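Asks: fold the stuff below for me.
(2 chains)
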Protein chains: 2
Amino acid sequence: MADSDELMVFGVWTSHYSRRVELALKLKGIQYQYFEEDLSNKSPLLLKYNPIHKKIPVLVHNGKPVAESLVILEYIDETWKNNPLLPQDPYARAMSRFWAKFIDETIVALALKLRAGTEEEQKQTIEELRKHLKVLENQLEGKEFFGGDRIGYLDVMATVIAFWLVVAQEAMGGLEVMTEERFPILYKWIGRITKIDVVNEWRPPKEKLIEYLKARFASPKSV
Amino acid sequence: MADSDELMVFGVWTSHYSRRVELALKLKGIQYQYFEEDLSNKSPLLLKYNPIHKKIPVLVHNGKPVAESLVILEYIDETWKNNPLLPQDPYARAMSRFWAKFIDETIVALALKLRAGTEEEQKQTIEELRKHLKVLENQLEGKEFFGGDRIGYLDVMATVIAFWLVVAQEAMGGLEVMTEERFPILYKWIGRITKIDVVNEWRPPKEKLIEYLKARFASPKSV
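Replies: Got it, this is the predicted structure:
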């Protein structure tokens, strides 16, 4: 990164969507200025840089904004080539992108439904979520990381399971969607990425996140 | 493409999600075998190649399947480098990807709501859709194509407006979401891409699509 480069990230500390952007930058050793947003009172800068969606995350590189977390991750990987996040082979890249979408559109989408509906519906959501987590876990079989022998794009995406879903189920009073017994390969991977200094320093403090989630779940309107 | 390459596309003739994959291949001059799917009775091959989502489109390259249309487009562009679809500059690539998501998640999502709800709600949907189409149209200002001076990735994505939305509003009895007066730049672009032989031969026959949409809209359950 050129010394003159100016890099800003607009995010929310509890959001994986902005945290994933920060992790990508940290894995590449890129310095940036972080702006914590209050979503109930968005900053003029956020509205200026993401006028279309008015959402976090936004990355601003030398004054030029990029929105949408998956778009930002690709931009980071294409702009700073060291420590590549995506694999080089086109088919392996396609598979990483496919499973990244799967994490956001299937696993995260189901996780957000965990507190909605009746007890019976919750049970169904848990079953469905477990089924899809198992499908994802199978992608790790025989590998150290989703990215192969080192942490990569799909690992960055899957940290939402390691450090959000696992914490959320605790905040929900021990829902046990995931246990080490049910998902031994995923839990071994969680242990492995937690040992990486950059990851460990980056992840949201567990107790603070539990506290935040408990307060949020206490409000009947939130899901 | 090596002579020994085997390429298959699974799609539905009325679906832009599979047609966009076909257009990308055609723009690169790549031969493929096309399999029309009956979504009410999916083929064993489709279920084999997309066991996770069981959806079209699927591209199968030498036996290896890729699903999800945006993932497929990137795969095609990275595998066959001639006639690049995405621009080369990382920031321009990010912008193409941002607007591609905007087309799918904002414009297409609103278009699919056009027939839902009360008359008042429909009016609101039309207003919202026009507002977002105008935002997209502004991206074309001063350019021949979304891709600049030649057809590219975002043009492929935006053909859903040129050859689906424009046709759908006719099939809905002249809804006039878009008119040449309201969207002169978009209509000029439509005229421009229609003159490209590959595009013109690829697009679904207008009368046949209108007939299909009218039959579909006649069923009260569809949107």
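Asks: tell me how far the closest residue in space to A:Arg150 that isn't next to it in sequence lies from chain B.
Replies: Leaving aside its sequence neighbours, A:Arg150 sits nearest to A:Glu144 (CB to CB, 6 or more residues apart in numbering or on different chains; 7.6 Å). Where C-beta positions appear, they are placed from N, C-alpha and C, glycine not excepted. A:Glu144 is 23 Å from chain B, where distance means CB to the nearest CB, to the nearest Å.
Asks: residues near A:Glu144, how many?
Replies: 15 (other CB atoms under 10 Å in any protein chain shown).
Asks: need phi/psi at it.
Replies: phi -80, psi -40 (degrees, to the nearest 10).
Asks: which helix of chain A spans the most residues?
Replies: For chain A, the helix with the greatest residue count under DSSP state H is helix A:119-138.
Asks: list the buried residues of that helix.
Replies: A:Gln122, A:Thr125, A:Ile126, A:Leu129, A:Arg130, A:His132, A:Leu133, A:Leu136, A:Glu137 (16 or more other CB atoms under 10 Å in any protein chain shown).
Asks: tell me the pLDDT at the second one?
Replies: Turning to A:Thr125, the model gives it a pLDDT of 95.
Asks: so what touches the helix or strand just after the longest helix of chain A?
Replies: Remark: after helix A:119-138, the chain's next helix or strand is helix A:153-160, criterion DSSP states H and E. Applying CB atoms under 8 Å, 6 or more residues apart in numbering or on different chains, the contact partners of helix A:153-160 are A:16, A:19-20, A:23-24, A:27, A:73, A:77, A:85-87, A:96, A:99-100, A:103-104, A:107-108, A:136, A:139, A:145-147, A:189, A:193, A:199, A:203.
Asks: ok, now with 7 Å
Replies: Around helix A:153-160, the neighbours that count as contacts under CB atoms under 7 Å, 6 or more residues apart in numbering or on different chains are A:16, A:20, A:23-24, A:73, A:85-86, A:96, A:99-100, A:103, A:108, A:145-147, A:193.
Asks: could you turn the buried ones of those residues into a PyMOL selection?
Replies: Buried residues among the contacts of helix A:153-160 (16+ other CB under 10 Å), as a PyMOL selection:
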select buried, chain A and resi 16+20+23+24+73+85+86+96+99+100+103+108+145+146+147+193
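Asks: of the contacts of helix A:153-160, closest to A:Asp38?
Replies: Nearest to A:Asp38 among the contacts of helix A:153-160 is A:His16, at 18.0 Å by CB to CB.
Asks: so who does that closest one touch?
Replies: Counting by CB under 7 Å, 6+ apart, A:His16 has contacts A:Val160, A:Trp164.
Asks: give me the distance between it and chain B.
Replies: 18 Å.
Asks: same check, this time on A:Tyr34
Replies: A:Tyr34 is 20 Å from chain B, by CB to the nearest CB.
Asks: over to A:Asp197?
Replies: A:Asp197 is 28 Å from chain B, by CB to the nearest CB.
Asks: mind putting the buried residues of helix A:119-138 in TSV, distance to chain B included?
Replies: Shown next, in TSV, are those (distance: CB to the nearest CB, whole Å):
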residue	distance to chain B
A:Gln122	24
A:Thr125	18
A:Ile126	19
A:Leu129	15
A:Arg130	15
A:His132	9
A:Leu133	13
A:Leu136	10
A:Glu137	14
